[in-house]
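> Sequence and predicted structure, then a few things I'm wondering about:
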Amino acid sequence: MYTKKTGFASADFDPKTFVTVPNIITMIRLIILPFILILLNKGYNIWACVLIIFCGLTDVLDGYFAKVLNQSTAIGKVLDPVVDKIFYLTILVFLIFYRDFPLSAFIIIVALEFFILSGGYILISKYKIVPSSNVYGKFAVCLISLAVFLYVIDLNFLKTSIIFELSSQRIILILSIIMLFFATLIYSLKAKIEIKKSNRKRVK
């Protein structure tokens, strides 16, 4: 079934709603991901960046078409953030080995994402509620994507210290982690409210 466009929705995973325009656009990111890694491995940084930017546009388009076509589904609400995480975490693993991406930052990002995914799994399996991404989460993804872009393009001036001995790469990365932490906090608070609502309904 199609669900309400915003907020937390009922976990009604109707297989018939998997093949929708938004979900197809979402899956394009996974299809393009191997090509990005191949380009990075061969040193074609500019082309890799072009594909990353294109994938970022698909992240905007899937949400847009979900609203315009009224195809916001429970499956889509799970698929979109999961694909996002697979996409940029895979690229980050590459950057750790080939672009001096900080391992500590990667561990923090993975820990926060694991917390969100675990919470989402509990909400879906126990309370039959599908959480939606909040605006802070979307902003955090945008900042992480920008940080990934800066490390991928790998220009020397991006590595130069500009304030507190931090380069523009590190500054954007720090901001993205702060925003991701804030998004996780908001997500937790909203989930707690939804769980309370669910428990009240069960009591009634």
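Perfect, I can see it now.

> Do you know the pLDDT at the residue lying closest to Ser145 once chain neighbours are set aside?
Leaving out its chain neighbours, the residue that sits closest to Ser145 by CB to CB, 6 or more residues apart in numbering is Gly56, at 5.6 Å. Using the backbone N, CA and C atoms, a C-beta is placed for each residue, glycine as well. Predicted confidence (pLDDT) for Gly56: 81.

> and if you look at Leu30?
The per-residue pLDDT reported for Leu30 equals 90.

> Now for it: which residues touch it?
Contacts of Leu30 were listed using CB atoms under 8 Å, 6 or more residues apart in numbering, and they are 83, 86-87.

> switch to 6 Å and redo it
Contacts for Leu30 (CB atoms under 6 Å, 6 or more residues apart in numbering) come out as Val83.

> Secondary structure of it: a helix, I assume?
Yes. Assessed by DSSP: H, G, I helix; E, B strand; the rest coil, Leu30 belongs to a helix.

> thinking again about what came up before, tell me which element the residue nearest to Ser145 falls in.
Per DSSP states H and E, Gly56 falls inside helix 45-68.

> What are the buried residues along that helix?
Buried residues in helix 45-68, counted by 16 or more other CB atoms under 10 Å: 45, 48-49, 51-52, 55-56, 58-59, 62-63, 65-66.

> who does that helix touch, helix- and strand-wise?
Identification of packing neighbours for helix 45-68 by 3 or more CB pairs under 6 Å, 6 or more residues apart in numbering; DSSP states H and E yields helix 21-41, helix 135-153.

> so it versus helix 21-41, what angle?
If you take axes from the mean of the first three to the mean of the last three CA atoms, to 10 degrees, helix 45-68 sits at 170 degrees to helix 21-41.

> Any chance you could list what contacts helix 45-68?
By CB under 6 Å, 6+ apart, the residues outside helix 45-68 that reach it are 5, 21-22, 25-26, 28-29, 32, 36, 39-40, 72, 145, 149, 152-154.

> again, but for stretch 94-104
In this structure, residues lying in contact with stretch 94-104 by CB under 6 Å, 6+ apart are 40, 106, 151, 154.

> out of those, what pair is the most spread apart?
For these, the farthest-apart pair by CB to CB is Phe106 and Asp154; their separation is 16.9 Å.

> Spatially nearest residue to Phe181, not counting backbone neighbours?
Using CB to CB, 6+ apart, the closest residue to Phe181 is Leu112 (6.2 Å).

> which stretch of helix or strand covers the one you found?
Element membership for Leu112 (DSSP H and E) is helix 103-127.
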